[in-house]
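In: Quick one, fold the following:
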Amino acid sequence: MYVCICNAIKESDLRAAARSCQGDVEALYASLGRTPQCRQCLEEAEEIIADEVPVGNLAVPAPH
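Out: Predicted coordinates:
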């Protein structure tokens, strides 16, 4: 299913990117070489990030 019609980005593409890219929706789109156009898909993209990146997996800087 397409999540972002403007950029022809499928849900499966967003899920895969969310698992390998850290950051917000803008970073997720950038990792796919795209930028949000009409921005109607951003809420669904944020939900996909939340599904794929559990809170416990957020990057934490290593102690020095």
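
In: and the residue nearest in space to the middle of the chain, helix, strand or coil?
Out: In the chain, the C-alpha nearest the mean C-alpha coordinate belongs to residue 28, at 3.8 Å (C-alpha atoms, centre = their mean). The three-state label given to residue 28 by DSSP: H, G, I helix; E, B strand; the rest coil is helix.

In: Please, where are all the helices along the chain?
Out: Applying DSSP state H to the chain gives helices spanning 11-20, 25-31, 42-52.

In: Same list (the ones you listed) but as TSV, adding distance to residue 5 and mean pLDDT.
Out: (Glycine included, C-beta is placed from N, CA and C.) As requested, the helices of the chain are exported to TSV (distance: least, C-beta to C-beta, whole Å; pLDDT from 0 to 100):
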stretch	distance to residue 5	mean pLDDT
helix 11-20	12	92
helix 25-31	14	92
helix 42-52	11	92
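
In: Pipe these into TSV and attach distance to residue 4 per row.
Out: As requested, the helices of the chain are exported to TSV (distance: least, C-beta to C-beta, whole Å):
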stretch	distance to residue 4
helix 11-20	8
helix 25-31	8
helix 42-52	7
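
In: Quick check, the residue nearest to the centre of the chain in contact with residue 13.
Out: No: counting by C-beta atoms under 8 Å, residue 28 does not reach residue 13; the two are 9.9 Å apart.

In: Not including adjacent chain positions, what is the nearest residue to residue 20?
Out: residue 31 (7.4 Å; C-beta to C-beta, 6 or more residues apart in numbering).

In: who are the neighbours in contact with that neighbour?
Out: The contact partners of residue 31, by C-beta atoms under 8 Å, 6 or more residues apart in numbering, come to 17, 20, 21.

In: Name the nearest residue to residue 18, sequence neighbours excluded.
Out: residue 52 (3.9 Å).

In: what's near enough to touch the one you found?
Out: Taking C-beta under 8 Å, 6+ apart as the test, what residue 52 contacts is 15, 18, 19.
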